[in-house]
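Novice: Would you be able to build a 3D model of this:
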Amino acid sequence: MKKTIFLLLIFVINAFADDAHLLTVSGGIFDIKRESHRTAQVYLEYKPNCNFRKIRPFVGSMVTFKGSFYLYGGLALELFFNKNLFLIPNLAMGYYNKGSGKNLGYPLEFRSGIEFGWDFRSYRLSLIGFHISNAHLGRHNPGEESVALNLSIPFKKHK
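Specialist: Numbers count the residues shown, from 1 in each chain. I've put the predicted structure just below:
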């Protein structure tokens, strides 16, 4: 069943896919509001070019310097004000493991964020802010806020 769902997802992504995809590398600050848990974070995201009504799916992984990690997938709404300036609200959900870092209270965590940046055509540079929370699925729900700088590099898929 898992293989069937995975293959169906790949088919749907490729059905709407254009030639350019985005690979995003990012670095920033995890839990910017609470100094006791504040640490550096890095993450990597893959965004296929599925411009279905300006909505683009994405998958990614985030790791903090305290050993926490988050594997997630979600949807982003790409809003361009002109050819270069963009704003991207996004929602995701995924698996969080605290490692030696902050306990967010539940393995299933939700992320809501907003990204603002400039598309230089050969790459995108943006600032993203987001909140991760378990939406009160667990007894403990401290949440966390992060800010990061993104570098997104377009690439073409092979045919």
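Novice: give me the element Lys102 is part of.
Specialist: Using DSSP states H and E, Lys102 sits within no helix or strand.
Novice: One more: Thr24?
Specialist: strand 20-30.
Novice: what helices or strands is the very next helix or strand once past that strand leaning on?
Specialist: Counting by DSSP H and E, the next helix or strand C-terminal to strand 20-30 is strand 39-47. If contacts are counted by 3 or more Cβ pairs under 8 Å, 6 or more residues apart in numbering; DSSP states H and E, strand 39-47 sits against strand 20-30, strand 55-64, strand 144-156. The way it works is simple: take the backbone N, C-alpha and C, and place the C-beta from them, glycine included.
Novice: Check which strands are paired with strand 39-47 and give the direction for each one.
Specialist: strand 20-30 (antiparallel), strand 55-64 (antiparallel) (DSSP bridges).
Novice: Of those, which is nearest Ala148?
Specialist: Among the strands paired with strand 39-47, the nearest to Ala148 by Cβ to Cβ is strand 20-30 (2.7 Å).
Novice: Show residues contacting stretch 85-94.
Specialist: Here stretch 85-94 makes contact (Cβ atoms under 8 Å, 6 or more residues apart in numbering) with 58, 60, 70-81, 108-119, 124, 126, 130.
Novice: show me where pLDDT drops low in this protein?
Specialist: 1-19, 157-159 (pLDDT under 70).
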